[in-house]
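[1] Fold the following, please.
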Amino acid sequence: MFKKTLITCLFLIVYSIILIGTSFNEEYCVPNSIIMAFNAKSINSTIGDITVSATNLGQIQIGVPSFDSLAVMFNFSSIERLFKPKNQDWKSSKDVYLMNIFRVSLVDNSLIEQALLNLKNCDDIIFAEYEGIPDHGFIPNDPLVTQQWHLEKVQAYDMWDVAQDANEVIIAIVDSGVKWNHADFRVNDLISNIYLDPLEVPGVTIDWDIGEISIITPMDGDGNGYDNDVMGWDFEYNDNNPFSEYSDEPGTRETHGTHVAGIAGAIGNNLIGISGIGMNVKLLISKHTGGDLVAYYGGIIYAADKGAHIINCSWGSPEGFDLAEAVVEYAYAAESLVVSIAHNDNEEIPRYPAAASLAVAVGATDINDYKSRFSNYGF
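    Next comes the predicted model:
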């Protein structure tokens, strides 16, 4: 009797853990949406090549019986391939091909927890998880953030005694865009920390005064699938100008990317403004201003394909472990290091992509080298 009771209790504990792990939280998750990756053998493709049809009631069908039955059971209304990496032959250590990652939409969000559980248990699917909501985290409005005491704390002055010139290092800023004509990013054609792709330069003209890029000749010079992306890409408007206005108003969301870019790579020793830790680097810009977390991960893939050495991600979500693992591993294989914030909730809760196996998670400390009151920790 005791043994039977013990087994029953253990079963209930395990079952409860499973349910907790798949609970939908509207604060962190996009409703009616699941991100999933097909096994290449199940769809007979490594590039997400599927044929989509629909039942008389509108449920999607792709010719994979296990998935199609779930699509009918849980009323899947659409399926969308998410990424177009330059290296389409690459696969992760879990055999995930990036082009086999899809977004599946459900008509009824009340069914999403059961739908996710069934997708996770489907042999034709490598992973399935909720679609997270991106959060840039806390933006400090304390005027002391402009005082750069951190440079001494990270021993930047000692580093600059050894080397100041790193203009072949490309740092990608995957964020809200950058005011790329700011005086602390570009003085003139000879003094500039904004990355310009030499293969895309012939197809555009850049008006540095007003922050506009005009296309002269439509072209994809580097063959990455993004036309005329001379300095980056705007993923919300799907164009080649990742410009964002800057405001001195504390806490303005649109300025977040410029703020981050300045810390990383504002021109140093030029008698203007501040100095970035990398005072002489090149900044590649991937602009994201909406709430589409998948697009942010697309920005990581874009930056890796573009040749970024470091990819800065000052955003994250508690959802999306498997997506983060696959995308960060792709970047790592392309010799790009993903650096992301641990986040700013003063919690011991993993955030992704920071908690991905091959990413670098960065917490925050104060002027006395103690953990900041808002910084996450423990992973």
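[2] Going by C-alpha atoms from here, please, whenever you check contacts or count neighbours.
    Noted.
[3] residue ranges for the strands of the stretch 101-250 of the chain, please.
    Secondary structure of the stretch 101-250 of the chain (DSSP state E, counting those that start in this stretch): strands at 101-106, 125-132, 170-175, 204-207, 212-215, 232-234.
[4] how about those in TSV, adding mean neighbour count?
    Output for the strands of the stretch 101-250 of the chain, formatted as TSV (neighbours: other CA atoms under 10 Å):
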stretch	mean neighbour count
strand 101-106	21
strand 125-132	24
strand 170-175	28
strand 204-207	14
strand 212-215	16
strand 232-234	26
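[5] how close does the closest residue to P242 other than its chain neighbours sit to S244?
    Excluding its sequence neighbours, the residue lying closest to P242 (CA to CA, 6 or more residues apart in numbering) is D234, at 4.7 Å. Using CA to CA, to the nearest Å, we find D234 at a distance of 10 Å from S244.
[6] any residues in contact with both of those two?
    Counting by CA atoms under 8 Å, 6 or more residues apart in numbering, the contacts common to D234 and S244 are G177.
[7] from memory the residue nearest to P242 sits against L284, does it?
    No: using CA atoms under 8 Å as the test, D234 is too far from L284 to be in contact (11.5 Å).
[8] Now do the same for the closest residue in space to I60 that isn't next to it in sequence: its pLDDT.
    Using CA to CA, 6+ apart and skipping the chain neighbours, the partner closest in space to I60 is A54 (4.4 Å). The pLDDT attached to A54 in the predicted structure is 96.
[9] What is the burial count for A54?
    16 (other CA atoms under 10 Å).
[10] Any chance of the backbone angles for it?
    Note on A54: its backbone torsions stand at phi -150, psi 150 [degrees, to the nearest 10].
[11] Where does E347 sit: helix, strand or coil?
    Three-state call for E347 (DSSP: H, G, I helix; E, B strand; the rest coil): coil.
[12] Spatially, and excluding backbone neighbours, which residue is closest to it.
    Leaving aside its sequence neighbours, E347 sits nearest to N376 (CA to CA, 6+ apart; 4.8 Å).
[13] and stretch 265-280, which residues are buried?
    Under the neighbour-count criterion of 16 or more other CA atoms under 10 Å, stretch 265-280 has 265-268, 274-280 buried.
[14] quick one: contacts of it?
    Outside stretch 265-280, the residues that touch it by CA under 8 Å, 6+ apart are 148, 151, 156, 164-167, 183-186, 192-193, 262-264, 281-283.
[15] Buried members of those residues into PyMOL, please.
    Only the buried entries of the contacts of stretch 265-280 go into this PyMOL selection, using 16+ other CA under 10 Å:
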select buried, resi 156+164+167+184+185+186+192+193+262+263+264+281+282+283
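[16] Quick one: residues contacting the residue nearest to R186 when sequence neighbours are not counted.
    Among residues not flanking R186 along the chain, S192 sits closest, at 4.1 Å (CA to CA, 6+ apart). Counting by CA under 8 Å, 6+ apart, S192 touches 185-186, 267, 282.
[17] According to the record, where do the domains of this protein fall?
    23-132, 143-362 (automatic domain parsing).
[18] ok, and which of the ones you listed has the densest surroundings?
    domain 143-362 (a mean of 20; mean count of other CA atoms under 10 Å).
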